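[1] what follows is a predicted structure for the sequence shown.
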Number of protein chains: 2
Amino acid sequence: MKKIILKSALLPAKASGAVRADILIEGSRFARIGDNLPAGDDAEVVDCSRFAVLPAFYNGHTHAAMTLLRGYADDMPLQKWLQEYIWPFEAKMTAMDVAVGSRLAILEMIKSGTVFFADMYWHREETMKAAEEMGVRASIGVTFAETLMSAEMIEKNFDFLAAHTGESERVRLAVMPHSVYTVGESLFRRCAEFARAEKFLFHTHLSETKREVEDCQKQYGCSPVRLLKRAGALDGNLVAAHCVHFSDDDMKAFVDSGATAVLNPCSNLKLSSGIPPIHAMLAGGMRLALGTDGASSNNNLDMHEEMKLAALLAKVGGTAETLPAFDALRMASVNVARAYGIPDAGEIKEGALADCLLVRLDNERMVPAHDVVSNWVYAADSGCIDSVICNGRFLMRHRHVDGEEDILNEAQACAKRLAGR
Amino acid sequence: MKKIILKSALLPAKASGAVRADILIEGSRFARIGDNLPAGDDAEVVDCSRFAVLPAFYNGHTHAAMTLLRGYADDMPLQKWLQEYIWPFEAKMTAMDVAVGSRLAILEMIKSGTVFFADMYWHREETMKAAEEMGVRASIGVTFAETLMSAEMIEKNFDFLAAHTGESERVRLAVMPHSVYTVGESLFRRCAEFARAEKFLFHTHLSETKREVEDCQKQYGCSPVRLLKRAGALDGNLVAAHCVHFSDDDMKAFVDSGATAVLNPCSNLKLSSGIPPIHAMLAGGMRLALGTDGASSNNNLDMHEEMKLAALLAKVGGTAETLPAFDALRMASVNVARAYGIPDAGEIKEGALADCLLVRLDNERMVPAHDVVSNWVYAADSGCIDSVICNGRFLMRHRHVDGEEDILNEAQACAKRLAGR
């Protein structure tokens, strides 16, 4: 079994403290954390005296292959954006394009410290393969959208899911009905029942825009949250993305269910969807996690930005004390891992999955060293990350990821062809 | 005269286009931009085929030496923050500490692409010296605060200013009364008259918090903006920081005056001060620029973050079309330069001051290349910056700044001593 010792690493101990320790990784897990751990002959020893070892990021909601649309259409009204730019571009995307876009997305995520992503898109086999090959964790959606799919395609989705239960520890499938405006109540019910029975996570967009909530009210006489409840889809197995427009009743129903809300603050601002009431959500006891959404509405997949933005936006409507740095970091790491049913991940402790970041303490943004967690959340950016470990394996060393030049070149060529330039 | 040719650089041409060109720098200015410019024997030729050449950032409001307090106290109520942490720490800071903190700040700004900063703090000689030595531009405040200074100290400030008119092209002094809650109406009037007569820029904090506006209303019977107007301080020579709580009347008075508002969105969120009504300000025709504020309330000096955050927050209360990427970039560059009276700066054009960034096009966040400005504003972070040029001189090459290790070490030691750890 492969062993790594992270020697003399700075480790955040609590809200604003840190200790120096050695961390022994055996196989895919943190085996021991302590002083002067013996290396043995078979361990790779990594000097971490210049590094803080911090939890890796987990991205609770994205559309990976949409990195190919980064910067293709910005700063325009939603309908024009969708109808004149996004949909015509996407209509040309083949399975191979999704493979290329997924690789670009995973590269960008690794370079910004993310080792897991939940993905809702098409040609899921390609994204699964890219995640498997590049060494990250993923929850890959089998996407349902009745407005875009025939009854036959929907049945094929269920068949695909039934054939793929429990295939990989690291990359798993999930049931992902797109939203209440593309999937009807009865299909929501069937998806939720299927997911529970077959032990798949259940993920959907929820209450992203004011219009979605108003339309749902008109069509169903209730809010999107209440509709999910009615369809038997609001439970601890649900991970819902966005959750911008929640009433007090929605919050209460959500808290009672044990579901998790994955906020995407950057995308919600950029598309002018609104600011989720983070302070009220926290006060009410909602389970909160973070995601980036796709690169065409963000325009990156940088969980560090989401973490800082969430901590800042929480203070609007709250106080300067709302969502302190330590808790914001947890929203971007362990809270996502728990929501997606990855046990013992997102924290650096004995027995947990060996996912972590080596963050440079000698970067100007990490100086002075009054509080390493505060520096990391509020002052750092992705450039402070030196190396990334997932499942006990280095995915990035000294800011280099194997094969990155090829990934960039193929993405550039692919995007150019799709844009017809 | 020193010559540099930036060869085959990608140059944003308009809102969403870009061209390849050579850029000839002679001395401190862009001399020519065109195809296949002859190098001559005396020019340094820099291959920019992998780079976009973009305007450098100008930081319209900060307190540089407060980098020493980065992470020292976060996520707490304002009064506790000030009284128990910030003020006791600052009380111990000597001129030498301000020198150390200023160098750390300037290092961080260079590494994130900023070549100018407007600074309001104490021991201004030290910050001036650091800016001169490290090669950046600066507008260094002579700070007035009646609540903290004797009448004698205030007179000494005016003497100091009178002795220092027009000393350096790159580093200049400015008149900086702190705010309407620390400086009375008559001193505001005197400062404004002095600044106009002696040709100094005039800078102050304005309408940062709801409480400041309410207290001003109680004390003076008008808003802070109206108080400045009454004191003869609201004119084209004024650059006001924050401007979060502006009424319609404030906006109108401000627009009529020709003054510039420097927004600090990150700091305003972090301290729970609020979100400035950017959409309404733009619609009303206000001159807007950006700044970072100090590192104890941000917690970095990264103008890229402010630029993206401003573009995002403008869309709240506006639409997805409000403050597009190209305009957000101008708010962080040329708008700041103009506000601070630096003519022909902040844009890449013939005759302008040679300040610019070499941004890597082969960074994953700049791929694909649908729109270089959109990628820069919405997708990039500081890690995409390869090199920084100010006044025709490289301040950073391939992410290295001369002397950075020493600056970090002295800042670390100094902050540790001040924190008593």
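    Alright, I've got the coordinates. Numbering: from 1, shown residues only, chains lettered A, B, ... in the order given.
[2] what about residue A:399, how many neighbours?
    Neighbour count of residue A:399, defined by other C-beta atoms under 10 Å in any protein chain shown: 15. To be clear about C-beta, it is placed using only N, CA and C from the backbone, and glycine gets the same treatment.
[3] how close does residue A:149 get to residue A:187?
    10 Å (C-beta to C-beta, to the nearest Å).
[4] oh sorry, the question was meant for residue A:119
    For residue A:119, the distance to residue A:187 - C-beta to C-beta - is 20 Å.
[5] who has more neighbours, the two?
    residue A:119 (29 against 18).
[6] residue of the stretch 101-250 of chain A nearest chain B, please.
    residue A:108 (4.5 Å; C-beta to the nearest C-beta).
[7] downstream of the strand ranked longest in chain A, the next helix or strand is which one?
    Identified as the longest strand of chain A according to DSSP state E is strand A:3-14. Counting by DSSP states H and E, the element after strand A:3-14 in chain order, helix or strand, is strand A:17-26.
[8] that next one pairs with which strands, parallel or anti?
    Strand pairing for strand A:17-26, using DSSP bridges, gives strand A:3-14 (antiparallel), strand A:29-34 (antiparallel).
[9] show me the helices in the stretch 251-400 of chain A, by range?
    A:265-270, A:278-283, A:303-314, A:325-331, A:334-339, A:372-374 (DSSP state H, counting those that start in this stretch).
[10] could I get the ones you listed as JSON lines with mean pLDDT?
    Converted to JSON lines, the helices of the stretch 251-400 of chain A look like this (pLDDT from 0 to 100):
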{"stretch": "helix A:265-270", "mean pLDDT": "97"}
{"stretch": "helix A:278-283", "mean pLDDT": "98"}
{"stretch": "helix A:303-314", "mean pLDDT": "98"}
{"stretch": "helix A:325-331", "mean pLDDT": "97"}
{"stretch": "helix A:334-339", "mean pLDDT": "98"}
{"stretch": "helix A:372-374", "mean pLDDT": "95"}
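[11] any chance of these in TSV, plus distance to residue B:44 and mean neighbour count?
    Conversion of these to TSV gives the following (distance: least, C-beta to C-beta, whole Å; neighbours: other C-beta atoms under 10 Å in any protein chain shown):
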stretch	distance to residue B:44	mean neighbour count
helix A:265-270	39	26
helix A:278-283	50	18
helix A:303-314	36	27
helix A:325-331	44	23
helix A:334-339	48	24
helix A:372-374	40	24
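[12] in which helix or strand would I find the residue of the stretch 101-250 of chain A closest to chain B?
    helix A:95-111.
[13] and that helix, C-alpha only, in CSV?
    Output of helix A:95-111 as CSV, limited to C-alpha atoms (Å, rounded to 0.1, in the frame of the first residue of the first chain):
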residue,chain,number,x,y,z
ALA,A,95,-20.0,13.1,-27.0
MET,A,96,-16.4,13.8,-27.9
ASP,A,97,-16.9,17.5,-27.2
VAL,A,98,-18.4,16.7,-23.8
ALA,A,99,-15.3,14.6,-23.1
VAL,A,100,-13.0,17.5,-24.1
GLY,A,101,-15.0,20.1,-22.1
SER,A,102,-15.1,17.8,-19.1
ARG,A,103,-11.4,17.4,-19.1
LEU,A,104,-10.9,21.1,-19.3
ALA,A,105,-13.3,21.5,-16.3
ILE,A,106,-11.6,18.9,-14.2
LEU,A,107,-8.2,20.4,-15.0
GLU,A,108,-9.4,23.8,-13.8
MET,A,109,-11.0,22.3,-10.7
ILE,A,110,-7.8,20.4,-9.7
LYS,A,111,-5.7,23.6,-10.2
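[14] same list (the helices of the stretch 251-400 of chain A) but as TSV, adding distance to residue A:248.
    Below are the helices of the stretch 251-400 of chain A laid out as TSV (distance: least, C-beta to C-beta, whole Å):
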stretch	distance to residue A:248
helix A:265-270	20
helix A:278-283	8
helix A:303-314	18
helix A:325-331	21
helix A:334-339	22
helix A:372-374	32
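[15] give me the below-cutoff pLDDT ranges for chain A.
    Confidence mapping of chain A against pLDDT under 70 gives the ranges A:14-16, A:165-167, A:421.
[16] let me see the domain layout of it.
    A:3-56+A:355-396, A:57-339 (automatic domain parsing).
[17] sorry, back to before: contacts for the longest strand of chain A?
    Applying C-beta atoms under 8 Å, 6 or more residues apart in numbering or on different chains, the contact partners of strand A:3-14 are A:18-26, A:31, A:33, A:37, A:39-40, A:42-49, A:51-54, A:326, A:348, A:354, A:356, A:358, A:361, A:372-373, A:389, A:392.
[18] repeat the analysis, applying 6 Å as the threshold.
    Contacts with strand A:3-14, where a contact means C-beta atoms under 6 Å, 6 or more residues apart in numbering or on different chains, come from A:18-26, A:39, A:42-49, A:51-53, A:372-373.
[19] between the strands paired with strand A:17-26, which one is nearest to residue B:398?
    Residue B:398 lies closest to strand A:3-14 among the strands paired with strand A:17-26, at 27.3 Å (C-beta to C-beta).
[20] distance between the closest one and the chain's centre?
    Remark: strand A:3-14 is offset 24 Å from the chain centroid, using C-alpha atoms, centre = their mean, to the nearest Å.
[21] could you list the buried residues of that strand?
    A:3, A:4, A:5, A:6, A:7, A:8, A:9, A:10, A:11, A:12 (16 or more other C-beta atoms under 10 Å in any protein chain shown).
[22] which of these sits closest to chain B?
    residue A:12 (12.1 Å).
[23] identify the bridge partners of that closest one.
    Here residue A:12, judged by DSSP bridges, has bridge partners residue A:18.
[24] how about residue A:233, nearest residue that isn't a chain neighbour?
    residue A:192 (3.7 Å; C-beta to C-beta, 6 or more residues apart in numbering or on different chains).
[25] list the contacts for the one you found?
    Residue A:192 neighbours (C-beta under 6 Å, 6+ apart): A:202, A:232, A:233.
[26] so which residues on chain A come close to chain B?
    A:70-72, A:74-76, A:107-108, A:111, A:269-272, A:299-300, A:312, A:315, A:319-321, A:324, A:362, A:364-365, A:367-368, A:370-371, A:374-375, A:378-379, A:381-383, A:408, A:411-412, A:415 (C-beta under 6 Å from any C-beta of the partner chain).
[27] report the buried members of those.
    Applying 16+ other C-beta under 10 Å to the residues of chain A next to chain B flags A:70-72, A:74-75, A:107-108, A:111, A:269-272, A:299-300, A:312, A:315, A:320, A:324, A:362, A:364-365, A:367-368, A:370-371, A:374-375, A:378-379, A:381-383, A:408, A:411-412, A:415 as buried.
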